[in-house]
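S.K.: for reference, the sequence and a predicted model appear below.
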Amino acid sequence: MKGSVSLASSDSRRNRGAAVDYRAAFHNAPTGLAIARNRVILDANKIFMETFRGTAQSLLQQSFKLLYPTQEDFERTGRRVSPLLGRNGWYGDDRIMKRMDGELFWCHVTGFAVNRRDPFAETIWGFTDLSRDRRVISPIRGSLTPRERDIAALLIEGKTSKEIGKTLSISPRTVDIHRANLLRKYSVDNTSVLVEKLLIA
């Protein structure tokens, strides 16, 4: 018994003294990671490349706008996220993103701002592919507007029209209009069924 305790202590001492290879840890992390400056990808790990079906040559030194369904999605998300990064230093949400081959998919995104006074100057982002449990059906999703995609993501989080309006800087009435359009496009008559459709669609 004493021998095993002694061995564990010895291992612990050796581990404390060992240098950590942070670059290897970054590139082999089990979730997609990217480092960006002013929304341009400076470095990314293997899972990030696999998630977005790209390569270092096609993704590094490129704007994140390549990975959004539209330019409007990219710009609007930036306007929404920047003040939150500035206030909290971090941000997270579920959103529809685009792989390099054009496929749209649900993704959980988290971000950290190094400098809150200039939120996008230097950031670290994490990306988790949600497509295994939440698929995007192109014929339906392709017909959704960027604003409807934003509202769909927030409905999944259980937010009310008032909360969604505050997040997107629009009125609750405008949220309700977009929600009605989503109900029509998914051929359902209430929000709970809509959310179920969004989660399995």
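M.R.: Everything's here; your move.
S.K.: give the buried residues for the longest helix anywhere in the chain.
M.R.: Of all the segments of type helix in the chain, defined by DSSP state H, the longest one is helix 71-88. For helix 71-88, a neighbour-count test (16 or more other CB atoms under 10 Å) marks 73-74, 76-77, 81-82, 84-86 as buried. Heads up, the C-betas are built off the backbone N, CA and C, glycines and all.
S.K.: also stretch 51-71?
M.R.: 51-52, 54, 59-60, 64-65, 67-69.
S.K.: in JSON lines: those, plus pLDDT.
M.R.: Listed next are the buried residues of stretch 51-71 as JSON lines, based on pLDDT from 0 to 100:
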{"residue": "51", "pLDDT": "97"}
{"residue": "52", "pLDDT": "97"}
{"residue": "54", "pLDDT": "96"}
{"residue": "59", "pLDDT": "97"}
{"residue": "60", "pLDDT": "97"}
{"residue": "64", "pLDDT": "97"}
{"residue": "65", "pLDDT": "96"}
{"residue": "67", "pLDDT": "97"}
{"residue": "68", "pLDDT": "93"}
{"residue": "69", "pLDDT": "87"}
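S.K.: which pair in those residues has the greatest spatial separation?
M.R.: In terms of CB to CB, the buried residues of stretch 51-71 reach their longest pairwise distance at 60 and 69, which sit 21.4 Å apart.
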